[in-house]
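Visitor: My questions are about this predicted structure, shown below with the sequence.
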Amino acid sequence: MRLQISTKRAEKIAHHWDSDSTLFENMRSAGLKGNDRRSMHRYRRQAEEITGQKLDLNSPQAHQQIDCPSTLNLTDARKHKTFVVTSHTNDSPIVDAFWDSLQLFCESKSAQLLVVPLRYQNKTAMNAVADYQWDERIYPYAVTKDFHIHKHLVISGHKLNATTVNPLAGKQALSGIKSAVYGHPQVALQNVGTPKDELPKSMMTTGSCNKPVYSSSETGGKAAFNHSVAAVIVHLVGKRYFFTQLGFDGEGFQFLNEYWTPEGVENRHAEIVHGDIHAWYERKDVTKSKLRIIDRVKPTTQIFHDLHDQHIGSHHATIRERVEQALKGEVSIEKEVRLSIDYLERIGKGTKNLIVGSNHNDHLDQWHGSYKVERDPYNAKFHGWLSSQIYGTDRNCLQACFDEFGCKVHYEFISRNKRHSISGVDTSQHGDKGVNGARGSAQGFSMTMLKTMIGHGHSDGIFKGCWQVGTSADGMTYANGYSTWTLTDGVIYPNGKRALIRHINGKTIADYL
């Protein structure tokens, strides 16, 4: 029996057709379900007959027929230590203000601009594969094959689909042991498990220098929503590399304290979201690095995740670890709390300091609630005092200590249950608790309605609207084996754009540019 569709159905298929999507994706967009490929092809052919419209299928071979012209001199480009990388999709107009700002920025920083050209077959922008066109302004900067700029980093010439929802999915092994920068209109960052004594392999995408021009299909709509006019800046220092993000707001972009437009640069502040602190494990080199960033961007607000660690009395500690703590004289919980207060007093001078509800901060409450004097007689007096401070109040244990011990800088404890927005970014969530009590994750928070910046995972990352800072310490006893941990803070600019700043050997990109 021959399958037959109505004229209305044929028109709907043609309306939703996107040649960059698969056969089944197109049919589902048109409301047709099923797994019979032969039937789906019949529907496609019948829709072509009824509407007179050619419904091309995604053809990687056709997409590979045409490459963007490139006059990039790789030999000269390799002489640079600083690179600014973005992408450009064919038949999509460049954002002139962003392009001109990047040119000015690169000239000032002695940086090499690199543009990864992408191919996208969009019926609203072109009629045939042979019509692929890129703005000729990118030709001197076009990266059309892998460009190995460093022993540990490659600018990938791999052509990602401009409408891919999760552009880094499945790319973990693609660049071998090297970290990789991929051209793609969506900004993303993900780390790959690496032996703990090495910096983790990172995969990232760049954002785009062009306006979003996509089909009217569901796939095109998602791509337009996730499209970011942005770039990644990379700076090479010996065996290390540093990077951060540059996000365009319609007029310019900010790099640390510098706001760049086609007219020049002006000074602006930025707010700081610190990687999980864990004050007991403080790294002095990271603290000094943080203070230099604070001095440069001059924040009015600082956000602190896992300020307290609860190293002593932790319910996670094994019997052996508790014995080792006792042998070292690490027995006073009050002393550890005062270390956390001292840390905030050194970092938080002159700013509004917000302490996010975090699982390690909560460990003090868990210790208090399960305390047994016969197991921990040393802290009996402190436990009794703490009980007298929290009962009859709505304070948690750490807040009571801050209040009663007398922290000398401004501080506020913010709740997970109430939005706390900084330039449109919600900073109230640590990341340990997700929606409806589920385990938190960047992917989970990305599906909420808000832009967020979280901590908890100790690994920096960008997943659509959710950005994740790393940690500020790495000496925890439970951190063994392969790791994706990074020493990373985040900044939130007044225009709502965000960036991640890594600390490596006590330095950041702010120390070099």
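Guide: Perfect, thanks for sending it. Keep in mind it's a predicted model, so treat the numbers as computed, not measured.
Visitor: and the nearest residue in space to residue 172 that is not next to it in sequence, what is it in contact with?
Guide: In space, not counting the residues next to it along the chain, residue 172 is nearest to residue 192; the distance is 4.9 Å by C-beta to C-beta, 6 or more residues apart in numbering. C-betas here are computed from N, CA, C, even on glycine. With C-beta atoms under 8 Å, 6 or more residues apart in numbering as the criterion, the residues that contact residue 192 are 172, 200, 201, 202, 203, 484.
Visitor: again with residue 312
Guide: Residues touching residue 312, when contacts are defined by C-beta under 8 Å, 6+ apart, comprise 280, 325, 330, 331, 332, 333, 336.
Visitor: Is it in a helix, a strand, or coil?
Guide: coil (DSSP: H, G, I helix; E, B strand; the rest coil).
Visitor: and residue 489, how many neighbours?
Guide: Residue 489 is surrounded by 26 other residues when neighbours are defined as other C-beta atoms under 10 Å.
Visitor: Is it correct that it is in contact with residue 498?
Guide: No - at 11.2 Å, residue 489 does not count as touching residue 498 under the criterion of C-beta atoms under 8 Å.
Visitor: ok so, going back, mark which of the contacts of residue 312 are buried, thanks.
Guide: Of the members of the contacts of residue 312, the ones counted as buried by neighbours, 16 or more other C-beta atoms under 10 Å, are 280, 325, 330, 331, 333, 336.
Visitor: and the two most separated of those residues?
Guide: Using C-beta to C-beta, these reach their maximum pairwise distance at 280 and 331, which is 13.1 Å.
Visitor: Phi and psi next, for residue 171.
Guide: Its backbone dihedrals place residue 171 at phi -100, psi 10, with angles given as degrees, to the nearest 10.
Visitor: Residue 178 versus that one, what's the distance?
Guide: Relative to residue 178, residue 171 is positioned 12 Å away (criterion: C-beta to C-beta, to the nearest Å).
Visitor: out of those two, which sits in the more crowded spot?
Guide: When neighbours are counted by other C-beta under 10 Å, residue 171 and residue 178 differ, and residue 171 comes out ahead with 19 against 16.
Visitor: give me the beta-bridge partners of the nearest residue to the more buried one once chain neighbours are set aside?
Guide: Nearest residue to residue 171 in three dimensions, chain neighbours excluded: residue 203, at 5.5 Å (C-beta to C-beta, 6+ apart). Per DSSP bridges, the residues bridged to residue 203 are residue 180, residue 190.
Visitor: count of residues packed around residue 203?
Guide: Look at residue 203: counted by other C-beta under 10 Å, it has 21 neighbours.
Visitor: Return the per-residue confidence for it.
Guide: As summarised for this prediction, residue 203 has a pLDDT of 97.
Visitor: that older thread, out of the buried ones among the contacts of residue 312, flag the one nearest to residue 456.
Guide: The nearest member of the buried ones among the contacts of residue 312 to residue 456, counting by C-beta to C-beta, is residue 280 at 17.2 Å.
Visitor: Relative to residue 210, how far out is that closest one?
Guide: Distance from residue 280 to residue 210, counting by C-beta to C-beta: 48 Å.
Visitor: can you give me the helices for the stretch 1-150 of the chain?
Guide: For the stretch 1-150 of the chain, the helices defined by DSSP state H, counting those that start in this stretch cover 7-16, 23-29, 37-51, 60-63, 74-77, 96-109.
Visitor: for the third one, which positions count as buried?
Guide: By neighbour count with 16+ other C-beta under 10 Å, helix 37-51 contains the buried residues 40, 43, 44, 46, 47, 48, 50, 51.
Visitor: ok, now stretch 428-447?
Guide: Within stretch 428-447, the residues that qualify as buried are 428-434, 440-442, 444-446, counting by 16+ other C-beta under 10 Å.
Visitor: would CSV of those residues with distance to residue 118, pLDDT and secondary structure be doable?
Guide: Formatted as CSV, the entries for the buried residues of stretch 428-447 read as follows, by distance: C-beta to C-beta, whole Å; pLDDT from 0 to 100; DSSP: H, G, I helix; E, B strand; the rest coil:
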residue, distance to residue 118, pLDDT, secondary structure
428, 36, 97, coil
429, 33, 97, coil
430, 36, 97, coil
431, 31, 96, coil
432, 37, 96, coil
433, 37, 94, strand
434, 33, 92, coil
440, 33, 92, coil
441, 28, 91, coil
442, 24, 91, helix
444, 29, 92, helix
445, 27, 93, helix
446, 22, 93, helix
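Visitor: Output the residues you listed as a markdown table; include the columns distance to residue 220.
Guide: Compiled in a markdown table, the buried residues of stretch 428-447 are given as follows (distance: C-beta to C-beta, whole Å):
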| residue | distance to residue 220 |
| --- | --- |
| 428 | 33 |
| 429 | 31 |
| 430 | 35 |
| 431 | 31 |
| 432 | 36 |
| 433 | 34 |
| 434 | 29 |
| 440 | 31 |
| 441 | 27 |
| 442 | 25 |
| 444 | 25 |
| 445 | 25 |
| 446 | 20 |
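Visitor: Which of those sits closest to residue 92?
Guide: Looking at the buried residues of stretch 428-447 and their distance to residue 92, the nearest is residue 446, at 24.6 Å (C-beta to C-beta).
Visitor: For the closest one, give its distance to residue 94.
Guide: 28 Å.
Visitor: before we move on, back to that, can you tell me which of the buried residues of helix 37-51 lies nearest to residue 371?
Guide: Minimum separation from residue 371 among the buried residues of helix 37-51 (C-beta to C-beta) is found for residue 40, which lies at 64.1 Å.
Visitor: residue contacts, the residue nearest to residue 252 when sequence neighbours are not counted?
Guide: By the measure of C-beta to C-beta, 6+ apart, the closest residue to residue 252 outside its immediate chain neighbours is residue 261, 3.6 Å from it. Listed by C-beta under 8 Å, 6+ apart, the contact set of residue 261 reads 97, 101, 251, 252.
Visitor: from the residues you listed, which two are the most distant?
Guide: Spanning the widest gap among the contacts of residue 261 are 101 and 251, at 8.6 Å by C-beta to C-beta.
Visitor: Specify which residue of these two has the higher count of neighbours.
Guide: A count of neighbours by other C-beta under 10 Å puts residue 101 above the other of residue 101 and residue 251, at 24 against 14.
Visitor: excluding its backbone neighbours, what's nearest that one?
Guide: Counting by C-beta to C-beta, 6+ apart, residue 260 is the residue found nearest to residue 101 once chain neighbours are left out, at 4.8 Å.
Visitor: How much space separates residue 164 from residue 269?
Guide: Using C-beta to C-beta, residue 164 is found at 35 Å from residue 269.
Visitor: swap that for residue 507, please
Guide: Residue 507 is 22 Å from residue 269, by C-beta to C-beta.
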